[in-house]
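got a sequence here, can you build the structure:
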Amino acid sequence: MAIAANASAAATAEALVQDLAGAKQALDASRPTAVNLMWATERIYQLARSLIDRLGDKLTVQQIKARILLEAKELADDDVRINRRLGFHGAAVVPEKANILHHCNTGSLATVGFGTALGIIYAAHEQGKKVHVWVDETRPRLQGAKLTCWELMRAGVDLDLIADSASGFLMQQGKVDVVVFGADRVAANGDVANKIGTYNLAIVAREHGVPVYAAVPTRSVPVCVRQCSAINHDRVVLSRSTIDLNLKDGSGIPIEERSASEVTEIGICVHCLRSLLNLVIHPLNHDSQAQVALRLRTSKCTTQHLT
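Predicted coordinates for the structure are as follows:
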């Protein structure tokens, strides 16, 4: 939102707000399951709107842009502080020398700095608990293999990369002590929506008596969003960042559906060519308009929500 504001050629404050409304719509649509993104874009939008409502012509467009940038920086700093508190709070449930199974990527690359579920692992590592991490490769985009492994290696955390389908066997063998993952959105009753594969993982963990923890970053003050025709709100959004208090359960959480090519093709970065090569691994008929849902509800298989 700060980048959109800076790039705006608006000559008036109202025109700038309209540009921000368009940026908000585009950003929100990019991740419909993740309510914390909408929470953040709404915070920036409402800041600009309130500055105009309260101060009117007393502020120039450049002054509003500067205030938006300051707010964005404050959000970033706040995110790191909250995630560090979440990480060390969550580390309390991690035993010494625990084998932790982590799904997807929830670290510095997914957040501003410290991470959410991965932040719990970082905190346990900082505390000298000598943890070991089973990293789910996380199909179809392989965020675990490509991102989480890289982050953990840089942090000096012991790890092994596993196929997603290997988690049940490891639990059966008693080689998993804790399962941790993040959350795109949590309904008022505690239902969690997260990366595809989380639901399967939570069910298998429950079957084997392995505790499951969802790392849920929250802010202390709910956000009450005003009606605004520019954004076409049809309801007031009550949110604690990741927790959506509008939804009584997970059945109302919008599930993001992505291109079938994310399953039928694998993207390989060819460094020498400085390009991305897509290899087709399944001759799917693309005329079938098949789509892949990447985020599904985990129901109530979690042991606790760590906030």
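
ranges for the strands of the stretch 1-150 of the chain?
For the stretch 1-150 of the chain, applying DSSP state E, counting those that start in this stretch gives strands covering 99-102, 132-136.

closest one to residue 192 among these?
Nearest to residue 192 among the strands of the stretch 1-150 of the chain is strand 99-102 (15.2 Å), distances taken as C-beta to C-beta. Using the backbone N, CA and C atoms, a C-beta is placed for each residue, glycine as well.

off-centre distance for the closest one?
With C-alpha atoms, centre = their mean, to the nearest Å as the basis, strand 99-102 stands 19 Å off its chain's centre.

quick check: mean pLDDT across stretch 256-265?
pLDDT averaged over stretch 256-265 equals 79, rounded to a whole number.

can I get the CA coordinates of it in CSV?
Taking Å, rounded to 0.1, in the frame of the first residue of the first chain, the C-alpha atoms of stretch 256-265 are listed here in CSV:
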residue,chain,number,x,y,z
GLU,A,256,-8.1,-20.0,-2.7
GLU,A,257,-8.0,-22.0,-5.9
ARG,A,258,-4.9,-21.9,-8.1
SER,A,259,-3.9,-23.0,-11.6
ALA,A,260,-3.7,-26.7,-12.3
SER,A,261,-0.3,-26.1,-13.8
GLU,A,262,1.1,-25.8,-10.2
VAL,A,263,0.5,-29.6,-10.0
THR,A,264,1.2,-30.6,-13.6
GLU,A,265,4.4,-28.5,-13.9
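
distance check, the most centrally placed residue in the chain against residue 31.
For the chain, the residue nearest the mean C-alpha position is residue 184 (4.9 Å; C-alpha atoms, centre = their mean). Noted for residue 184: a distance of 7 Å to residue 31, by C-beta to C-beta, to the nearest Å.

over to residue 69?
If you measure residue 69 against residue 31 using C-beta to C-beta, the figure is 22 Å.

and what of residue 92?
Distance from residue 92 to residue 31, by C-beta to C-beta: 30 Å.

repeat for residue 175
From residue 175 to residue 31 the distance is 33 Å (C-beta to C-beta).

same deal with residue 245?
Counting by C-beta to C-beta - residue 245 and residue 31 are separated by 19 Å.
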